[in-house]
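J.: could you work out the structure for the sequence below:
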Amino acid sequence: MIRVIRRLLWGCVAISPILANAGPQDLANAGGPDTSKFFGPIVPNTVADKYATAYYQHIGGYLGHRLEVNLSKRLLKIDSATILSGFEKRPGAQTWIGEHVGKFLFSASKTYAYSHDPQLKRLMDQIVHSYIACQMPDGYLGTYLYKDRWTEWDVWAHKYAIIGLLNYYSVTGYRPALETAERAADLICNTFGDDGGKRDLMTAGEHAGLAPGSILEPMVDLYRYTDSPKYLAFCRYILRAYEQPDGPRIISQLEKYGDVTKVGDAKAYEMLSCFLGILKYYKLTGEEKYLHCLQAAWTDISTHRLYITGTASDHEIFVKKDVLNATNDDKMGEGCVTVTWIQFNLSLLQITGETKYAEEIERSIYNHLLAAENPQTGCVSYYTALQGAKPYRCDQGYSCCLSSVPRGISLIPEVIGGKINNYFSVLLYENGVASVNVPTTDAGEIALLVRSGTKFPAEGLVDFEIEPSRTADFLINFRVPEWSAEFRATVGEETYKGERGGLLAIQRKWHPGDHVKITFEMPVEVLPGGLSYPAAVAIKRGPQILAIDKGLNSGIDSLGTVRYADNSLLTDAGAALPADWDWQEAFYLNTKVNNVPQKVVMVPFAEAGQKTAGIAVWIRN
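T.: Residues are numbered from 1 along each chain as shown. Model (predicted):
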């Protein structure tokens, strides 16, 4: 059920005749995300995307289940009074409370574009109406008093305001949302700059300019939505400001060292947020140095700073190479970092079409992203440790990650598959229905519908039904995961073999009703603990890292007494799960407990700890 929406309009100002006369019904009539219509940018990028997502519906299985959890147990439970409170009565109760409305609108808009859920649409509409009414006459859309503006997190809040409003506009076409974003951006442009006595953006927030500097991302978007040159000029100012003595020196430090710990104060979330803006600027302008720098940053993170579950950060920063401490005391795996890492990989996938970025997206989604949202309650953990209980929380207006993790989950429909270099390409193996137009070898184009059915990740078998609008010769790609073995695709009597880490391309004459049977093995991997856990190992099956949940192993007094028994064989333990366990996937692993042989129950890390028990990914060797 949606909580009752309360509007405390005192302290809010309607600032234009259009907005003053707009009510919830006007918003409802503004139009939902008609599948044939999207209110997108009007300025094209110089660099065309090599990956473009297909339109996915009816996503089922594991990812579909988690999308439903995110919708019903998180997004539809949002209390608008909490996230709007800092705008309706300034100052806000907490310094970055202003980010939550924009983050919600991002998640809700992405989720609505996929789900078409009417309750979510009504909640979005009502929040947007109240939010717009809270914009000050000069365009300010933060939660600070006038005397305290631009000292901490209100540039950051304006970033998320613009992001959220643009996402809402993109699925509804409701122009007051776009106009509100423009007014907020105009205030930023009029306040900051390196000319005419304006303020220094780098000193208007935290983390050596990384936090306020991350407003580059929505400024690029707003230029593309409006074709207004002032926003492009401001983007160029931000890039100059990065290299000021008081700035984070993102480009120069990456060019010199290729090491993210040398950038700003190494704050991971804010740095990755700046990377998203820089990549958007690169796509807009084609200035190659920006892409090269961020590819170097990606290599540094993925090689030296990334946990096996697809997240990064220790106490919210990038630390020394290969130091990956993983307890709650280490404050590892900030949820905001996980989400922006996924966004960073999605941007690089769009730019390059290279499947190594899809590999990292898969790792993060199936492990750290979904581990950060409790499937039973929808509550979210700020940090999600590999060792110890997951500290899930349910508040909505005081933790950045409780609003970020739903954003990451809302991106899942965009990363399952789409077109790479104009050819339909499957990236993640999940149930769903994809629709897309594809080129044929006779220089034509057809509509293609692809239905997939699978029990993945429980087993390595996926059936694809191919439904072209007519019989035609065209190519379909299937990603061959790095973790897979014996990857094969069978169409009729023909079998094709894939090589790990690439795309298996099948070009043939396709008929409506053709089927592709994909099979692959998911070998169990025993991963070494590295510098931080040299006397321990972790167990991986397919894309999933497994964990021991103490609550499922009643005979174990301490997880520290469990030792790996040099046998990676897993056997099914589904019958050992309680009836109310969220996802019925479990395995027995041979171990020694207090030096006595014993089978322990392991579950995917993303599911472990859902009943608040302690967990362990790293097992003593």
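J.: spit out the contact partners of residue 337.
T.: 268-269, 272, 311-313, 316 (Cβ atoms under 8 Å, 6 or more residues apart in numbering). No exception for glycine: its C-beta is placed from N, CA and C like everyone else's.
J.: adding distance to residue 162, write those out as a markdown table.
T.: Shown next, in a markdown table, are the contacts of residue 337 (distance: Cβ to Cβ, whole Å):
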| residue | distance to residue 162 |
| --- | --- |
| 268 | 22 |
| 269 | 18 |
| 272 | 18 |
| 311 | 26 |
| 312 | 26 |
| 313 | 25 |
| 316 | 24 |
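J.: how near is the residue nearest the centre of the chain to residue 115?
T.: The residue lying closest to the centre of the chain (Cα atoms, centre = their mean) is residue 408, at 2.7 Å. Residue 408 sits 16 Å away from residue 115, going by Cβ to Cβ, to the nearest Å.
J.: next one: residue 239
T.: 37 Å.
J.: tell me which of those two has more neighbours.
T.: residue 115 (22 against 19; other Cβ atoms under 10 Å).
J.: if we can go back for a sec, now, which of the contacts of residue 337 sits nearest residue 61?
T.: residue 311 (22.9 Å; Cβ to Cβ).
J.: pretty sure the closest one sits in a strand.
T.: No. The assignment for residue 311, made by DSSP: H, G, I helix; E, B strand; the rest coil, is coil rather than a strand.
J.: next, count neighbours for it.
T.: 29.
J.: show me the contacts for it.
T.: Residue 311 makes contact with 332-334, 337-338, 341, 364, 367-368, 384, according to Cβ under 8 Å, 6+ apart.
J.: what's in contact with the helix or strand hosting residue 525?
T.: For residue 525, the element it lies in under DSSP states H and E is strand 524-528. By Cβ under 8 Å, 6+ apart, the residues outside strand 524-528 that reach it are 308, 483, 534, 537-541, 564, 568-570.
J.: show only the entries of the contacts of residue 311 found in helices.
T.: 337-338, 341, 364 (DSSP state H).
J.: relative to the strand holding residue 525, what are the paired strands and their orientations?
T.: In the sheet, strand 524-528 lines up against strand 536-541 (antiparallel) (DSSP bridges).
J.: ok now the strand holding residue 525, how far from the chain's centre?
T.: 26 Å (Cα atoms, centre = their mean, to the nearest Å).
J.: residue 109 and residue 38, how far apart?
T.: On the measure of Cβ to Cβ, residue 109 and residue 38 end up 11 Å apart.
J.: what residues are shared contacts of these two?
T.: In contact with both residue 109 and residue 38: 170-171, using Cβ under 8 Å, 6+ apart.
J.: name the nearest residue to residue 548, sequence neighbours excluded.
T.: Nearest non-adjacent residue to residue 548, counting by Cβ to Cβ, 6 or more residues apart in numbering: residue 616, 4.8 Å away.
J.: repeat for residue 229
T.: Take residue 229 and drop its neighbours on the chain: the residue closest to it by Cβ to Cβ, 6+ apart is residue 223, 7.8 Å away.
J.: quick one: find the helix or strand in this structure with the lowest mean pLDDT.
T.: helix 17-20 (a mean of 30; mean pLDDT, DSSP states H and E).
J.: that older thread, the residue nearest to the centre of the chain and residue 342 touch, don't they?
T.: Yes. In this structure, residue 408 is within contact of residue 342 by Cβ atoms under 8 Å, at 5.4 Å.
J.: follow-up on the earlier one: can you list the contacts of residue 311 in a markdown table and add distance to residue 454 and pLDDT?
T.: Compiled in a markdown table, those are given as follows (distance: Cβ to Cβ, whole Å; pLDDT from 0 to 100):
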| residue | distance to residue 454 | pLDDT |
| --- | --- | --- |
| 332 | 32 | 97 |
| 333 | 28 | 96 |
| 334 | 32 | 97 |
| 337 | 30 | 98 |
| 338 | 25 | 98 |
| 341 | 26 | 98 |
| 364 | 20 | 98 |
| 367 | 19 | 98 |
| 368 | 23 | 98 |
| 384 | 27 | 97 |
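J.: any chance of those residues in TSV, plus distance to residue 522?
T.: Listed next are the contacts of residue 311 as TSV, based on distance: Cβ to Cβ, whole Å:
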residue	distance to residue 522
332	26
333	24
334	29
337	27
338	23
341	24
364	18
367	14
368	19
384	23
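J.: between those, which is closest to residue 75?
T.: residue 338 (17.9 Å).
J.: run a quick neighbour tally on the closest one.
T.: Close neighbours of residue 338, defined as other Cβ under 10 Å, add up to 32.
J.: pretty sure residue 224 is touching residue 281, no?
T.: No. Contact criterion Cβ under 8 Å: residue 224 and residue 281 do not qualify, at 10.7 Å.
J.: would you put the C-alpha positions of stretch 189-201 in CSV?
T.: Extracted C-alpha coordinates of stretch 189-201, given in CSV (Å, rounded to 0.1, in the frame of the first residue of the first chain):
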residue,chain,number,x,y,z
CYS,A,189,25.1,28.9,-13.8
ASN,A,190,24.5,32.4,-12.5
THR,A,191,26.1,31.7,-9.1
PHE,A,192,29.3,29.9,-10.1
GLY,A,193,32.0,30.4,-12.7
ASP,A,194,35.5,31.8,-13.3
ASP,A,195,34.4,35.2,-14.6
GLY,A,196,32.4,38.2,-13.4
GLY,A,197,32.9,37.8,-9.7
LYS,A,198,31.1,34.5,-9.5
ARG,A,199,31.7,31.9,-6.8
ASP,A,200,34.2,29.0,-7.1
LEU,A,201,32.2,25.8,-7.6
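J.: average pLDDT for it, rounded please.
T.: The pLDDT scores in stretch 189-201 average 96.
J.: contacts for that stretch?
T.: Counting by Cβ under 8 Å, 6+ apart, 150, 155, 204, 209, 212-213, 215, 230-231, 233-234, 237-238, 240-241, 244, 246 sit against stretch 189-201.
J.: repeat that for 10 Å
T.: 138-140, 149-150, 155, 188, 202-204, 209, 212-213, 215-216, 219, 222, 228, 230-231, 233-234, 237-238, 240-242, 244, 246-247 (Cβ atoms under 10 Å, 6 or more residues apart in numbering).
J.: show me which of those are buried.
T.: 139-140, 149-150, 155, 188, 202-204, 209, 212-213, 215-216, 219, 222, 228, 230-231, 234, 237-238, 241-242, 247 (16 or more other Cβ atoms under 10 Å).
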